[in-house]
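Novice: need a structure here:
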Amino acid sequence: MSHYRPHTLKIYTDAMGSAVILADIVSQQMSVDPEFRAEVTAGNVSPTHVAIVGRKLMHNAATYDLPGFLDAVGVSGLAVNGATNPGVVAYLQKCDDSGIPASANHRSFTYALGLLVPKTLSCDHQGDARLTFDLVVLGDGTNDPVVISDTATLPTPMVALTRPDSLSSWP
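Specialist: Numbering: from 1, shown residues only. Alright, predicted model coming up:
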């Protein structure tokens, strides 16, 4: 059985000149948050009619690559519109039961439309700074909000060395 672990996140919207690859992804989670409406009917004490009235597709992640994320997204967020470019692509590395990475056929989630929003910035004393963010996924009514592929090739991350005392890169 195969397992998948976070690998990289590519941000490449139509407004950007080139793709930004975030290599230091700590965690990723994709979720569908349903919204329920429950009504008590016919004198019952508990709801007998429950309906799903909405769903919200979310992609939550955290990264240690603060300069890469903040340079691409900023502190107020980034509108994701991938009509020409892919938008945001989350890559997961395929591993076997022993945790050894596979050489091919990794998983990717491609989001063409949405809003990338930074949430929290945290750092413990003498610890690593960590930024959490959400991708609020939107749909246009025509295209799928997320495209899942199990034949993805992992991008080569561009790792920048960061000075431990600041958010700036080494000269």
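
Novice: Contacts only, for the residue with the largest distance to the centre of the chain.
Specialist: Most distant from the centre of the chain: residue 43, at 44.8 Å, with distances by CA atoms, centre = their mean. Residues touching residue 43, when contacts are defined by CB atoms under 8 Å, 6 or more residues apart in numbering, are absent altogether. The way it works is simple: take the backbone N, C-alpha and C, and place the C-beta from them, glycine included.

Novice: now it, what's its secondary structure?
Specialist: Reducing the assignment at residue 43 to three states with DSSP: H, G, I helix; E, B strand; the rest coil gives coil.

Novice: confidence score at it?
Specialist: The model reports residue 43 with a pLDDT of 78.

Novice: who does the residue nearest the centre of the chain bridge with?
Specialist: Centre of the chain computed as the mean C-alpha position; nearest residue by CA atoms, centre = their mean is residue 59, 4.4 Å away. On the basis of DSSP bridges, residue 59 is bridged to residue 30, residue 135.

Novice: Might one say that it is in contact with residue 90?
Specialist: Yes - proximity of residue 59 to residue 90 meets the contact threshold set by CB atoms under 8 Å, at 6.3 Å.

Novice: quick revisit: any idea how far the residue nearest to the centre of the chain is from residue 144?
Specialist: If you measure residue 59 against residue 144 using CB to CB, to the nearest Å, the figure is 14 Å.

Novice: For the chain, give me the ranges with low pLDDT.
Specialist: Counting by pLDDT under 70, the ranges of the chain that qualify are 158-171.

Novice: if we go to 80?
Specialist: For the chain, applying pLDDT under 80 flags the ranges 1-2, 42-43, 55, 157-171.

Novice: That one: strands as residue ranges?
Specialist: Ranges of strands within the chain are 3-12, 20-22, 25-39, 49-63, 78-81, 87-95, 106-111, 113-122, 130-137, 146-152, based on DSSP state E.

Novice: and those as TSV, adding distance to residue 72?
Specialist: As requested, these are exported to TSV (distance: least, CB to CB, whole Å):
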stretch	distance to residue 72
strand 3-12	5
strand 20-22	4
strand 25-39	14
strand 49-63	11
strand 78-81	7
strand 87-95	10
strand 106-111	15
strand 113-122	9
strand 130-137	11
strand 146-152	20
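
Novice: Pull the residues that contact stretch 84-104.
Specialist: Residues beyond stretch 84-104 that count as contacts (CB under 8 Å, 6+ apart) turn out to be 1-14, 16, 19, 28, 30, 59, 61, 80-82, 105-114, 116, 135, 151-155.

Novice: Pull out the buried residues from those.
Specialist: Neighbour counting by 16 or more other CB atoms under 10 Å classes 6-13, 28, 30, 59, 61, 80-82, 106-114, 116, 135, 152, 154-155 among the contacts of stretch 84-104 as buried.
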